[in-house]
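S.K.: build me a structure from this.
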Amino acid sequence: MNEPKHPNLASLEDATALREFSQDQLKATALEIRDVLCNLLATRTAHFASNLGVVELCLALHCEFDFRKDRLIWDTGHQIYPHKLVTGRYSQFPTIRTQGGLMGYPNPHESEYDLFMTGHAGCSVSTAVGLRSGDLMVGQGDRHTVAVIGDGAFPSGIVFEALNNAGELKDDLTIVLNDNKMSICPRVGAVAGYLDRLRSNPYYTGLKTEVGKLLEQIPMFGDPAERFLAQMKEGVKAGLLGGMLFEELNIRYVGPIDGHDITLLRKYLAMVREMKGPVLLHVVTEKGHGYKPAAADPVFFHTPPAFEDQDGKPVTRSSDGLPAFTVHARDAIGEALAADEKVSVITAAMCQGNKLEPIREKFPNQFFDVGICESHAVAFAAGQCKAGARPIVDIYSTFLQRSYDQIFQEVCLQDLPVVFMLDRAGLTGPDGPTHHGVYDIGYMRLFPNLVVMAPGYAEELGMMLRFALKQDHPCSIRYPKASAMKCSRSVPAIELGKSEVVRPGEDGTIVAFGAMLENALAAAELLEQELDVEVVNARFAKPIDAAMVRRSITNGRFVLTLEENTVVGGFGAAFLESAVAQRLDTRGVQVLGLPDTFVEHGDRNDLLQQNGLSPKAIAQRCREAALASEAAVP
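M.R.: Predicted coordinates for the structure are as follows:
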């Protein structure tokens, strides 16, 4: 029988056996994990550099804790791959990020080792504080709770809300701060600077401990002297020991320590495990560690395209196809910033994902990366807008949800003309339910004053941005993680609340909102020999084109509305609301979109097919609707 390629990983039914591994076995296992990760990238895009950076930390954690009983939360969950490999999922690992296979994030349905689907950054400390509190309430206080949070996620507002609460509760809790000086892109903000100063402190942990012990032995006599010496002691501790931001919140600070030294990590994890109250262990890692190209360029290798390693050099596959909507959005933003110095663009640690690097370099005074702080990004935009600037908030649909209250209170309630550009609006393929942007039509269109748009063509994206920047009200523009169809003719100007008939027809109508226009046109072409179907590019979900609604219902035998969004509260719902308000007969209207369930990960086209949104599926629904209308005629 052939020896398995990764014998240590293949032997692990769960992580328990790691505790018996020798130091040499653990080092060998780390090499195996990195080899598996490199092999994965030869087949598909996946999170890479972040996972390379936590290999030793993952092994050390599983050596010092039993997470079948103890609690572990990874934040953000894209650094979960080593954890999956050592918790009995090695044989399934080749399926990761494919439909029906392992999820690229923690998934409680896969393993008892995963507690939450953590696809959004910053929530680990809050959930860990809650887990510890809940365990104490139900008599499970012997469980240890560990939250691993990256330095990029650490400035999120909810983290400091959680630290504030943890410091008050004083329950036992271990927070591992994985500091690699990166988010997806280089991190930003004052907290990043503070961590840099802690990391560069010349007094390492051993010396810090000895200085602390020495200070504790200084005698004090009399009230004034005691107060003076107490203040002096705290001042010296602050200067030498570091971490006083956390200490002042009643959270013990330990570190920084080398996050790639398994022996050292185990020593300190064992130590903090026995400490009372909340403890923060500052661990310094290198994103991309173990693969030189990834360590040298962790931004590109965060989620690189599929590549093969050839003599230590990554060779990526060529990709064909039209440019993505994101590229057209970036170009439109660049044109807007060049045309008016009062226009700004604000992103939340997604400069790379939104392809804004050229904008950052060319317009440094108009580009603002606020870190993983979406709520702040929107309130910040409101402040800029109130001062007379014209901010563009460029954030993924799934992440903009985190700023829901600020969209309501700071923007729409004030009727400020902030422009929201919602990237990844729709199915995001292998990233799965944590990242699918399928709720924004519902959560945006319900607010007064807010205009909700979506381009059907590549050319419309720039047109819609220019239109939005001329409005006196807030506007949102959604577009998917997909290539953008080019228009073969002159695209009509954008008019508020006006749709466009792209293809005339008399038998029925497909009303498509946004990028689903491409599939609607393809479906109409499939039906050419059977049905004469009109295709409408809706353009607006709010204000919806009431005249278009009336014409569609009275033109032909059926109407299908089409959107890459949940049908609950989406464009189809807006269409029906308009029809009811006009007292139109809606019996021939069918709403096509995503169901009221969480859609799993998989190829975007496959997911569209399975949810009835492919051209073939749409064409079949048209046939069925036409037959149903004939049967209904007396």
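S.K.: can I get the one helix or strand residue 627 maps to as PDB, trimmed to CA atoms?
M.R.: Residue 627 belongs to helix 615-632 when assigned by DSSP states H and E. This file holds the C-alpha atoms of helix 615-632, laid out as PDB (Å, rounded to 0.1, in the frame of the first residue of the first chain):
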ATOM      1  CA  PRO A 615     -31.200  31.400 -19.600                       C
ATOM      2  CA  LYS A 616     -32.500  27.900 -20.100                       C
ATOM      3  CA  ALA A 617     -34.400  27.900 -16.800                       C
ATOM      4  CA  ILE A 618     -35.900  31.400 -17.500                       C
ATOM      5  CA  ALA A 619     -36.900  30.300 -21.000                       C
ATOM      6  CA  GLN A 620     -38.700  27.300 -19.500                       C
ATOM      7  CA  ARG A 621     -40.600  29.500 -17.000                       C
ATOM      8  CA  CYS A 622     -41.700  31.600 -20.000                       C
ATOM      9  CA  ARG A 623     -43.100  28.600 -21.800                       C
ATOM     10  CA  GLU A 624     -44.900  27.400 -18.600                       C
ATOM     11  CA  ALA A 625     -46.300  30.900 -18.000                       C
ATOM     12  CA  ALA A 626     -47.500  31.200 -21.600                       C
ATOM     13  CA  LEU A 627     -49.300  27.800 -21.400                       C
ATOM     14  CA  ALA A 628     -50.800  28.700 -18.000                       C
ATOM     15  CA  SER A 629     -52.200  31.900 -19.500                       C
ATOM     16  CA  GLU A 630     -53.800  30.000 -22.400                       C
ATOM     17  CA  ALA A 631     -55.400  27.500 -20.000                       C
ATOM     18  CA  ALA A 632     -56.800  30.400 -17.900                       C
END
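S.K.: that helix packs against which elements?
M.R.: When contacts are defined as 3 or more Cβ pairs under 8 Å, 6 or more residues apart in numbering; DSSP states H and E, helix 615-632 packs onto strand 508-512, helix 517-526, strand 559-566, strand 589-594, helix 604-610. (Glycine included, C-beta is placed from N, CA and C.)
S.K.: in that helix, what's buried?
M.R.: The neighbour-count criterion (16 or more other Cβ atoms under 10 Å) identifies 615, 617, 618, 619, 621, 622, 625, 626, 629 as the buried residues of helix 615-632.
S.K.: then stretch 128-147?
M.R.: 128, 129, 131, 132, 135, 143, 144, 145, 146, 147.
S.K.: kindly report the same for stretch 482-497.
M.R.: For stretch 482-497, the neighbour count (16+ other Cβ under 10 Å) marks 482, 483, 484, 485, 487, 491, 492, 494, 497 as buried.
S.K.: just stretch 87-99 next, same as before
M.R.: Buried, per 16+ other Cβ under 10 Å, within stretch 87-99: 87, 88, 89, 90, 93, 96, 97, 98.
S.K.: and the closest residue to the first one other than its chain neighbours, how far from residue 73?
M.R.: Among residues not flanking residue 87 along the chain, residue 113 sits closest, at 4.3 Å (Cβ to Cβ, 6 or more residues apart in numbering). Residue 113 sits 11 Å away from residue 73, taking Cβ to Cβ, to the nearest Å as the criterion.
S.K.: what ranges do the helices span in the stretch 351-500 of the chain?
M.R.: With DSSP state H, counting those that start in this stretch as the criterion, the stretch 351-500 of the chain has helices at 357-362, 374-386, 397-400, 404-406, 440-445, 458-468.
S.K.: looking at these, which is nearest to residue 164?
M.R.: helix 374-386 (16.2 Å; Cβ to Cβ).
S.K.: neighbouring contacts of that closest one?
M.R.: Residues outside helix 374-386 that contact it (Cβ atoms under 8 Å, 6 or more residues apart in numbering): 157, 344, 346-348, 368, 370, 391, 393, 395, 399-400, 402-403, 405-407, 410-411, 414, 416-418.
S.K.: try 7 Å
M.R.: 157, 344, 346, 348, 370, 391, 393, 395, 399-400, 402-403, 406-407, 410-411, 414, 416-418 (Cβ atoms under 7 Å, 6 or more residues apart in numbering).
S.K.: got any ranges where this protein has weak pLDDT?
M.R.: Scanning the chain for pLDDT under 70 picks out 1-2, 182-190, 192-243, 299, 302-303, 306-320, 631-634.
S.K.: shouldn't residue 84 be in contact with residue 101?
M.R.: No: checked against Cβ atoms under 7 Å, the pair residue 84 and residue 101 is beyond contact range at 11.1 Å.
S.K.: so between those two, which is more surrounded?
M.R.: residue 84 (25 against 17; other Cβ atoms under 10 Å).
S.K.: what's the helix or strand the more buried one falls within packed up against?
M.R.: If you go by DSSP H and E, residue 84 is part of helix 81-86. Judged by 3 or more Cβ pairs under 7 Å, 6 or more residues apart in numbering; DSSP states H and E, helix 81-86 is in contact with helix 23-40, helix 55-64.
S.K.: tabulate the CA atom coordinates of it in PDB.
M.R.: Output of helix 81-86 as PDB, limited to C-alpha atoms (Å, rounded to 0.1, in the frame of the first residue of the first chain):
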ATOM      1  CA  TYR A  81      -7.800  26.000   6.300                       C
ATOM      2  CA  PRO A  82      -5.100  24.700   8.700                       C
ATOM      3  CA  HIS A  83      -7.700  24.200  11.400                       C
ATOM      4  CA  LYS A  84      -9.900  22.100   9.000                       C
ATOM      5  CA  LEU A  85      -6.900  20.000   8.000                       C
ATOM      6  CA  VAL A  86      -6.100  19.000  11.600                       C
END
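S.K.: ok, then the element right after that helix?
M.R.: helix 124-137.
S.K.: ok, and what's touching that next one?
M.R.: With contact meaning Cβ under 7 Å, 6+ apart, helix 124-137 is reached by 71, 73, 75, 116, 118, 141, 143, 145, 147-149, 158-159, 161-163, 165-166, 169, 171-173, 175.
S.K.: of those residues, buried ones?
M.R.: 71, 73, 75, 116, 118, 143, 145, 147-149, 158-159, 162-163, 165-166, 169, 171-173, 175.
S.K.: residue contacts, residue 173?
M.R.: By Cβ under 7 Å, 6+ apart, the contact set of residue 173 is 128, 129, 132, 145, 166, 278.
S.K.: middle-most residue in the protein, spatially?
M.R.: For the chain, the residue sitting closest to the mean C-alpha position, by Cα atoms, centre = their mean, is residue 120 at 5.0 Å.
S.K.: gap between it and residue 177?
M.R.: Using Cβ to Cβ, residue 120 is found at 18 Å from residue 177.
S.K.: so residue 593 sits against residue 574, correct?
M.R.: No: counting by Cβ under 7 Å, residue 593 stays clear of residue 574, with 11.5 Å between them.
S.K.: check contacts around residue 528.
M.R.: By Cβ under 7 Å, 6+ apart, the contact set of residue 528 is empty.
S.K.: and the gap between it and residue 23?
M.R.: With distances taken as Cβ to Cβ, residue 528 is found 69 Å from residue 23.
S.K.: not counting sequence-adjacent ones, nearest residue to residue 506?
M.R.: Closest residue in space to residue 506, ignoring its immediate chain neighbours: residue 532 at 5.0 Å, by Cβ to Cβ, 6+ apart.
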